[in-house]
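Asks: whatever this is, show me its structure:
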Amino acid sequence: MSLSAIDVASPESPLEERAAGGIEARSPLRLVLARLRTDRVAIASVVVILLIVALAIAAPLIAGITGHGPTDTNVDGGTDANGQPLPPGSAGYLLGTDNLGRDILVRIAYGARISLLVGVLATAIAAVVGVVIGLVAGYFGGWLDSILARVMDVVLSFPYVLFAIVLVSVFGPSLPLTILVIAFFSFAAIGRIVRGQALSQREKEYVEAAHSLGAGNLRIMFVDILPNLVAPVIVLATLLIPAAIIFEATLSFLGLGVVPPTPSWGNMLSDAEGVGFQAWWFYIFPMLFLLATTLAFNLLGDAIRDALDPRTERIFAGRRKKKNA
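Replies: Prediction:
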């Protein structure tokens, strides 16, 4: 029997086994997910975010179980004989009540809805506007780039609280206005990143090849260049969500955001102003939920940034070895 016959009959070497079975290529998304699964901080952040989302979704269920609406005042049953709020663990009030006898747990659950809605929706609007403006500025360049870049610089340098005060004094406070104000002051951060990436990508060979094949500018921008900019946009959007949540809480705390009695973590902290240590639960619980949500999104954004960076592969490879050891 010849050597070639033996090799064909029994492929024992690892190289032949790979050739026989095939090598499965992993997409960038699978690589990122595999790296994130080895990051304990990222996993913990995802768990916290999912718990906050579950709390927001279950807000009507919590209100139904407790029998307390988010805006229902109950001075008789929700306060003590001296008119003070009930502490955590009181009958029917797991996290206590505020000075009007309203259930803190129910209001926090509904406040989570406001915070997540504002954070995600405002960031989504900012991402779409920022990507479009950044792509147009970076791809076309010239005078258009100069104008759009200066507009983004002005937006980033403008005092947003003063601008919000002016808008509220004209149109009155509302949730849609809060979302638009946050999106307006957030799009420039994404736009500048996309513009810088588009300036370098438009000089690449694949863009010249697309031009030579007769592709239009819109196709090159949104089909050829944009997929190469997804990673920084995702990272920045993840980091902008907690910034938007803090922005909304700040505006609501100042009376410029969500209008009371609709619960928001910001206006709950505003209602607790001057309470002191006697009713610590009045402001501690909204503050803890606000801190946990924003910290989880920030840590997740940092983890995604590390997972998308090829230079950190050695760190993730070391974690995989420790896990398999």
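Asks: next, the distance between the ends of stretch 91-104.
Replies: 13 Å (C-alpha to C-alpha, to the nearest Å).
Asks: what's the distance between the nearest residue to L229 once chain neighbours are set aside and G214?
Replies: Leaving out its chain neighbours, the residue that sits closest to L229 by C-beta to C-beta, 6 or more residues apart in numbering is Q197, at 5.0 Å. Glycine gets a C-beta too; all of them are placed from N, C-alpha and C. Distance of Q197 to G214, given as C-beta to C-beta, to the nearest Å: 25 Å.
Asks: next: I190.
Replies: Counting by C-beta to C-beta, the gap from I190 to G214 is 30 Å.
Asks: which helices and strands does the helix or strand containing A292 pack with?
Replies: Using DSSP states H and E, A292 maps to helix 281-308. Counting contacts by 3 or more C-beta pairs under 8 Å, 6 or more residues apart in numbering; DSSP states H and E, helix 281-308 is packed against helix 28-37, helix 40-57, helix 104-140, helix 230-253, helix 265-271.
Asks: redo those as a markdown table? Include distance to G83.
Replies: Converted to a markdown table, those look like this (distance: least, C-beta to C-beta, whole Å):
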| stretch | distance to G83 |
| --- | --- |
| helix 28-37 | 50 |
| helix 40-57 | 29 |
| helix 104-140 | 17 |
| helix 230-253 | 25 |
| helix 265-271 | 15 |
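Asks: which among the ones you listed is found nearest to F277?
Replies: Among those, the nearest to F277 by C-beta to C-beta is helix 265-271 (15.4 Å).
Asks: so how far is the closest one off the chain centroid?
Replies: Helix 265-271 sits 21 Å away from the centroid of its parent chain (C-alpha atoms, centre = their mean, to the nearest Å).
Asks: buried sites along the helix holding A292?
Replies: 281-286, 289-290, 293-294, 296-308 (16 or more other C-beta atoms under 10 Å).
Asks: now stretch 65-85
Replies: H68, G69, P70, D72, T73, N74, G78, T79, P85.
Asks: end-to-end on it?
Replies: Start and end residues of stretch 65-85 are separated by 21 Å (C-alpha to C-alpha).
Asks: now the helix or strand containing L144 and helix 104-140, what's the angle there?
Replies: If you go by DSSP H and E, L144 is part of helix 142-157. In terms of direction (axes from the mean of the first three to the mean of the last three C-alpha atoms, to 10 degrees), helix 142-157 departs from helix 104-140 by 160 degrees.
Asks: please point out which parts of the helix or strand just after helix 142-157 sit buried.
Replies: Next along the chain after helix 142-157, taking DSSP H and E as the criterion, comes helix 160-171. Of all the residues in helix 160-171, those buried under the rule 16+ other C-beta under 10 Å are Y160, A164, L167, V168.
Asks: now the nearest residue to the last one once chain neighbours are set aside: which helix or strand?
Replies: When the adjacent residues along the chain are set aside, V168 lies closest to L256, with 4.7 Å between them (C-beta to C-beta, 6+ apart). Assessed by DSSP H and E, L256 sits outside every helix and strand.
Asks: how about L256, what does it touch?
Replies: The neighbours of L256, taking C-beta atoms under 8 Å, 6 or more residues apart in numbering as the test, are V161, A164, I165, V168, P173, T178.
Asks: what pLDDT does L86 get?
Replies: Looking at L86, its pLDDT is 83.
Asks: now do the contacts for it.
Replies: Residues in contact with L86, defined by C-beta under 8 Å, 6+ apart, are G78, T79, D80, Y93, G96, T97, G101.
Asks: how does it look with 6 Å?
Replies: Y93, G96, T97 (C-beta atoms under 6 Å, 6 or more residues apart in numbering).
Asks: what helix or strand is T262 on?
Replies: T262 belongs to no helix or strand, assigned by DSSP H and E.
Asks: show residues contacting stretch 266-285.
Replies: Contact with stretch 266-285 is made by 85, 88, 95-96, 98, 104, 249, 252-253, 257-258, 260, 286, as judged by C-beta under 6 Å, 6+ apart.
Asks: 8 Å instead, please
Replies: So stretch 266-285 is contacted by 84-85, 87-88, 95-96, 98-99, 104, 107-108, 111, 248-255, 257-258, 260, 286-287, 290 (C-beta under 8 Å, 6+ apart).
Asks: now swap in stretch 191-208 and tell me
Replies: Under C-beta under 8 Å, 6+ apart, the answer for stretch 191-208 is 129-131, 133-135, 137-139, 141, 145, 148-149, 152, 156, 220-221, 224-225, 228-229, 232-233, 236.
Asks: okay, I190 and G214: which has more neighbours?
Replies: Of the pair I190 and G214, I190 is the one with more neighbours under other C-beta atoms under 10 Å, namely 26 against 7.
Asks: surely the more buried one meets V132?
Replies: No: look at I190 against V132 with C-beta atoms under 8 Å: they stay out of range, at 10.0 Å.
Asks: for A237, see how far away I182 is.
Replies: Using C-beta to C-beta, one gets 13 Å for the distance from I182 to A237.
Asks: low-confidence ranges in this protein?
Replies: Within the chain, the segments meeting pLDDT under 70 span 1-29, 276, 309-325.
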